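Chemist: here is my input, please return the structure:
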Amino acid sequence: MVLAAGLGTRMRPLTDDRPKALVEVAGRPLIDHVLHRLGESGVRRAVVNVHWFADRLESHLAARDGGPEILISDERAELLETGGGLKKAAPLLGPDPILVANIDSVWTDHGAPGDSGLNQLARLWNPSIMDAALLLARREGAIGFEGGGDFFLAEDIPGKGGRLTFRGEAAEAPFAYMGVHICRPDYVADGPDGPFSLSGFWRRSAAAGRLYGCVLDGDWMHVGDPQARDAAEAKLAGG
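Modeler: Residues are numbered from 1 along each chain as shown. Model prediction:
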């Protein structure tokens, strides 16, 4: 699932006439960056939620060439946030584990072909011990990320990743969530009707020792505002 329904408030004025998903970075809309990454990793079908300038986003998606196949989860009536959007889309997503991606992350992989960040995450995923597995980025060198970090990571699974602990009261933590995770298909089934965030579910899973993560071998750009967009373009251009 690609979470593309947000208002993009911090990206204004670039989102005054378009959804954040259609803001371009290096000549390509943000959502196309994400869909390209998903397609490279073997994803054949993606559910995209829409709200802000929904008609424009749907038209863009309908005109795309190549995969993945796109299904629309319509949130025109009410913006449902990350958890509510995932719950509403459940009938379209089906019974298998779900790869969830934000549209404001752009990244490059340093690993060999077939060893992308998304493939790292897929190899880590183990539903017998995990509710969700998050792809992380190191704070150092990240573009567009502000703050003290999100998580500490234990090396429970050598060479793959481990359990996550929230930063809590610590001044800083070494890793940030970079906008992609895998979760059980029923992960938010007991969430409330209407809008709600995934954060509370992650905290519940972390407390139970069932929130895991791995670290992207690559460069992460969080494209949350116009300045970060410009910095990401410079990075992708080799600047």
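Chemist: what about residue 152, neighbour count?
Modeler: Neighbourhood size, residue 152 [other Cβ atoms under 10 Å]: 17. C-beta: built from backbone N, CA, C; applies to glycine.
Chemist: got the contact list for the one helix or strand it maps to?
Modeler: Under the criterion of DSSP states H and E, residue 152 resides in strand 151-153. Strand 151-153 has contacts (Cβ atoms under 8 Å, 6 or more residues apart in numbering) with 134, 136, 161-167, 170, 173-177, 213, 215.
Chemist: average model confidence for that strand?
Modeler: Mean pLDDT, computed over strand 151-153, is 95.
Chemist: same check on stretch 30-39?
Modeler: 93.
Chemist: show residues contacting it.
Modeler: When contacts are defined by Cβ under 8 Å, 6+ apart, stretch 30-39 is touched by residues 2, 4, 20-25, 28, 46, 48, 57, 60-61, 64, 66-68, 99, 101-107, 116, 118, 223.
Chemist: could I get the buried residue list for it?
Modeler: Buried residues in stretch 30-39, counted by 16 or more other Cβ atoms under 10 Å: 30-35, 37-38.
Chemist: surely residue 122 is in a helix?
Modeler: Yes - counting by DSSP: H, G, I helix; E, B strand; the rest coil, residue 122 falls inside a helix.
Chemist: got a list of what it touches?
Modeler: For residue 122, the contacting residues are 41, 99, 182, by Cβ under 8 Å, 6+ apart.
Chemist: which parts of the chain are strands?
Modeler: 2-3, 24-25, 28-29, 45-50, 69-74, 98-102, 105-109, 132-138, 151-153, 162-166, 175-183, 211-215, 218-222 (DSSP state E).
Chemist: present those as JSON lines; the columns should include distance to residue 145.
Modeler: Formatted as JSON lines, the strands of the chain follow (distance: least, Cβ to Cβ, whole Å):
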{"stretch": "strand 2-3", "distance to residue 145": "18"}
{"stretch": "strand 24-25", "distance to residue 145": "15"}
{"stretch": "strand 28-29", "distance to residue 145": "21"}
{"stretch": "strand 45-50", "distance to residue 145": "24"}
{"stretch": "strand 69-74", "distance to residue 145": "27"}
{"stretch": "strand 98-102", "distance to residue 145": "13"}
{"stretch": "strand 105-109", "distance to residue 145": "10"}
{"stretch": "strand 132-138", "distance to residue 145": "8"}
{"stretch": "strand 151-153", "distance to residue 145": "13"}
{"stretch": "strand 162-166", "distance to residue 145": "16"}
{"stretch": "strand 175-183", "distance to residue 145": "5"}
{"stretch": "strand 211-215", "distance to residue 145": "14"}
{"stretch": "strand 218-222", "distance to residue 145": "5"}
